[in-house]
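Trainee: Sequence plus the predicted model coming up.
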Amino acid sequence: MSFLKGLCHPKRMKWGAVALLGLFGLLLLLPLMPIQAIADEAPAGAPAATEGATAVEKAKDVHWKIEGIVSGPPAPKLKYPDNYGTYGTFQSRTLIWVANQQHLYFGSFVLAVPMFVLVMELVGMLQKDKRMAKKYDDLAHEFMKISLTAYSITAILGGVLIFTFLALYPGFFMYLAGIFRPVMHIYALLFILESGILYVYYYGWDRMNESAYLKWCHLSLSVLLNTVGLILMFFANTWVAFMQSPSGVDEQGRFLGNIWMAIHTPLVIPIVVHRILGNAAFGGGVVAAYAAYRLLAAKSPEEKAHYDWMSYTAMFMGVLNLIPLPFAGYWLMREVYAYRQQMGITLMGGLLAWVFIMQATMIATLFVTLNYYLWTAMGRMPGAERYYKYFKYMLLVLIVSTLTWLTPHTLVMTPAELKAMGGAQHPVVGNYGVMSAKNTAINTIITTTVLCFCIYQRANKVPTVKWARIGNLALAAIFVGAELNILFLGIYGYYIPANVRIGLSVPQVCSTLSTLFIGVTLNTMMLKNARSLGEVRWGQMSVRGAYALFLLAVAFTWTMAVMGYIRSSVRLHWHVNEIMRDASPWAFTNPIGYAGNINSMNVLIFWTMLLFVFWLGSLTDKKVPAKVKEAAPEGIVGETIPVASH
Amino acid sequence: MMKQIVFLITLVIGFLAASQMAFAGGGATGFINAGTFALVIELGVALFVVFLAWIVKDKLKIGIPKLLQGVFIWIAAYIVFRVILQPPIPFTLLAVYMGIITIAIFLYCSIDPDSWEQFSEPIRAMLQDDTGKAKAYRYVTFTALPLLIGFGTYSKMVPKFEEPVELRTVHPAPPASINVHGEIIDLQRVLNPFRVDNEGKYLDVGKEVGDFKNNPFAEDASQYLKNVKEGGEIFFGTAGCMFCHGDNLDGKGMFAFAFNPIPANFADPGTIAQLQENFVFWRVTKGGPGVPRETFPWASAMPPWEKHLTKDEMWKVILFEYWHTEFFPRTFGS
């Protein structure tokens, strides 16, 4: 007891919090114990069975080629209509598609928001300025409030999804449940744990703000909440990964008794990493859109200032996750090619190549919109006028890169146009349809975005450090050098074989990341104690900037829809790739137009529900955000944020 | 001084562009390859536009309203993509490019508060002012808008007899396995049996680079090169691949232009260099008739070579194609 009291001492509080966090972490291992028990069960049972009258049948894992004991029936050969349900003339596949997508949207959102909340709360706790600490804490609290309503919708949609599976695809679902039965139960139990932590975390917010020790405990709860959330997502991803690249079963689909092998499929890790980053970027986008919505609806200058700042912060956190996302996607695609060549080709060069063009359009939209938001956001920063003249050149670079990025390798044309061109490839624009051009374009787009952010950072400041001139030169050298390297490697890529060219993407990415890590760090260092040209006029964001945030969030949503469709469609006519065939009449790949319409409908449904959530959030919000400064410079009413916060 | 240099460069490039257009008009092919020349023309036009803008803005001191600037940029871009860029790009690509340009113009006009003010002011004046000029613009705009929409609807709905566009998949996905001469071949794992070193061991992709410049006819040629030589004999002799794919493997054989599209150009980094060796094996064995449904409209005239060649011969031809073009087949780990 005295030990515990000792930990409550102000000097030892942090150690107490770490200890508590460790304890919570250990608790997390408890749900995983049954998995290990099941994994151990199979080998242990083998000798016993051998001793018995019946011989044990062994088979090889379909992917890993490891021998295991057959522990389940083969994948059923489904028949239509016996093993499928229908609702009138509706396409069952479209129904399950919509149900899945909606659940995924809300699931991603409620998983991503606690990640931001954790960071916000931590940043708030580390602030020396109490005013700023409260601001971050309030922001984190408000993020959580939005998530709470969405959480119950996620659970409802999860129920809808299960019922849709049972009603329309019972044969497939029974097979999947037969293999993942224990994991599904752990999933359900973890969901209860997640709910419990969430409610304690949210409703205990004010209470646990009362002492520093309790605050650290509160933060520990946030860590726990995120950990459980990540495990939940990991489990759900394993089912998807199993459908795409099964393992843990033999060629007939018979479970080989080791659940870990069914979880550890060839594509599971890159899928999980890609999805976590994607979710975080998406979550940031949605919260930024919420703040933009509140900004547009706000009546008082204080409210406008608060939501302007909130939208910027959320957007910033979303973008932090957006930047590594293309690289994670690249890794995933490489693993897909390594797993099955035909799957990779179907995705990138074959049947689904044009859906990838849609996705490329969305990625370009995301980055261009982001730059546009930053340009318009500088309209509320005194001194930014110095940089206005550069914006159009940055836009030019972005647009030229976008044109290159979106030039397809396979052109859609009439036979007459094909003949006029003299072949399938155009002699000029054909050069922009290959990987060298694409890598150069996307790296240039990201580098320009980083440059834009650096300009934003210094828009209302003048560096006063002694080495400002050298620093500026170094900064220019980093950006110019990086871009020259990107361009040079892009052009050089045309003169070398494909397998060597793939390797060039690494130094190109390194150049881009150098501008991000070294450039932004250098810029931040230069702005220490910088002379201010005036505080940011939070709340005076232009309406166009607020709408840009909406576009950003909708683009995130649409990108998720289209990528989800691609990932699902690449299985072609298989429920479980090469193991369990889809015998329903909907086992075909939809035309691009139909897929685009359903994706758009999904986005529309999601945003309609989300606007309802936003509206609910505004109903409960009677508390006016803390007004910090009554009269900002130049008579502008609103909050002023210190240099370090933006 | 700098301005004079820009002026001179613009003049030179403009001259080159004009001469190339004259060559094209006369049916000549130009003195450097079409792709490079088209790029030079694009750069020339871009520089010329910048130069013109500088003259107008800084020298003649003529301020062009933002709205009008947008219109000019749109028209200039259309001329570049529709007229100057040759051979003409398909309409679908033109639509994508012009869509992006339209968005870019809006972003340009609203990029900062001053630009937005300049851009939106005439529109606001047209909508709100009570002057006779504003009213006249209003009448014109609100008469033209429904007419334009009506014309668009009419153009969309009127029956047309044009060829439909084709979304042809150039590299369709291969099946997991194929049956060749009664043997099931796993396309995911199969390796070229003739990619071997002198000891008969599999030669990892990339290690053959030392033999790229060596003579396959030399007496001391490596086993790999001997196999390449046999592949070449099949390419030029037994199978006669060169009649379509060309003796430089560039897809311009003597029969090539009887087909639409012309045969694959192996020397282009976008064909065999992008593919695994077993993919090429599948395409050679099954030919045009063996491509899957997704490659509709099956625009490939290549025969299924399994009906004419042995498996070994087909593998050797593939080995030869990579050696001759000095490309490596794509690999994805072990």
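Mentor: That came through fine.
Trainee: Which helix or strand lies directly C-terminal to the lowest-mean-pLDDT helix or strand in chain A?
Mentor: Here the helix or strand of chain A ranked lowest by mean pLDDT, DSSP states H and E is helix A:33-51, holding a mean of 49. Using DSSP states H and E, the helix or strand that directly follows helix A:33-51 along the chain is strand A:58-60.
Trainee: For that next one, the averaged confidence score.
Mentor: Averaged across strand A:58-60, pLDDT comes to 93.
Trainee: and what of stretch A:165-177?
Mentor: Mean pLDDT, stretch A:165-177: 95.
Trainee: distance between the ends of stretch A:335-343?
Mentor: 10 Å (C-alpha to C-alpha, to the nearest Å).
Trainee: Pull up the residues of the stretch 101-250 of chain B that are close to chain A.
Mentor: Neighbours of chain A within the stretch 101-250 of chain B, by C-beta under 8 Å from any C-beta of the partner chain: B:101, B:103-104, B:107-108, B:110-114, B:116, B:162-176, B:187-188, B:205-206. C-betas here are computed from N, CA, C, even on glycine.
Trainee: Tell me the buried residues within those residues.
Mentor: B:101, B:103-104, B:107-108, B:110-113, B:116, B:165-174, B:187-188, B:205 (16 or more other C-beta atoms under 10 Å in any protein chain shown).
Trainee: Among those, which ones are in helices?
Mentor: Taking DSSP state H as the definition of helices, those contribute B:Ile101, B:Ile103, B:Ala104, B:Leu107, B:Tyr108, B:Pro113, B:Trp116.
Trainee: Please convert the residues you listed to CSV, extending it with distance to A:Ala583 and pLDDT.
Mentor: As requested, those are exported to CSV (distance: C-beta to C-beta, whole Å; pLDDT from 0 to 100):
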residue, distance to A:Ala583, pLDDT
B:Ile101, 48, 95
B:Ile103, 44, 95
B:Ala104, 48, 95
B:Leu107, 49, 94
B:Tyr108, 54, 93
B:Pro113, 61, 85
B:Trp116, 57, 90
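Trainee: and the helix or strand containing A:Met115, what other elements does it pack with?
Mentor: Here A:Met115, judged by DSSP H and E, is contained in helix A:92-126. On a contact count with 3 or more C-beta pairs under 8 Å, 6 or more residues apart in numbering or on different chains; DSSP states H and E, helix A:92-126 meets helix A:130-168, helix A:212-244, helix A:268-297, helix A:301-322, helix A:543-569, helix A:592-620.
Trainee: what's the neighbour count on A:Pro591?
Mentor: 10 (other C-beta atoms under 10 Å in any protein chain shown).
Trainee: And A:Leu533, how far from chain B?
Mentor: 16 Å (C-beta to the nearest C-beta, to the nearest Å).
Trainee: now A:Pro585
Mentor: Where chain B is concerned, A:Pro585 sits at a distance of 17 Å (C-beta to the nearest C-beta).
Trainee: next one: A:Gly88
Mentor: From A:Gly88 to chain B the distance is 29 Å (C-beta to the nearest C-beta).
Trainee: For my notes, confirm that residue occurs in a helix.
Mentor: No: A:Gly88 is assigned coil when assessed by DSSP: H, G, I helix; E, B strand; the rest coil, not a helix.
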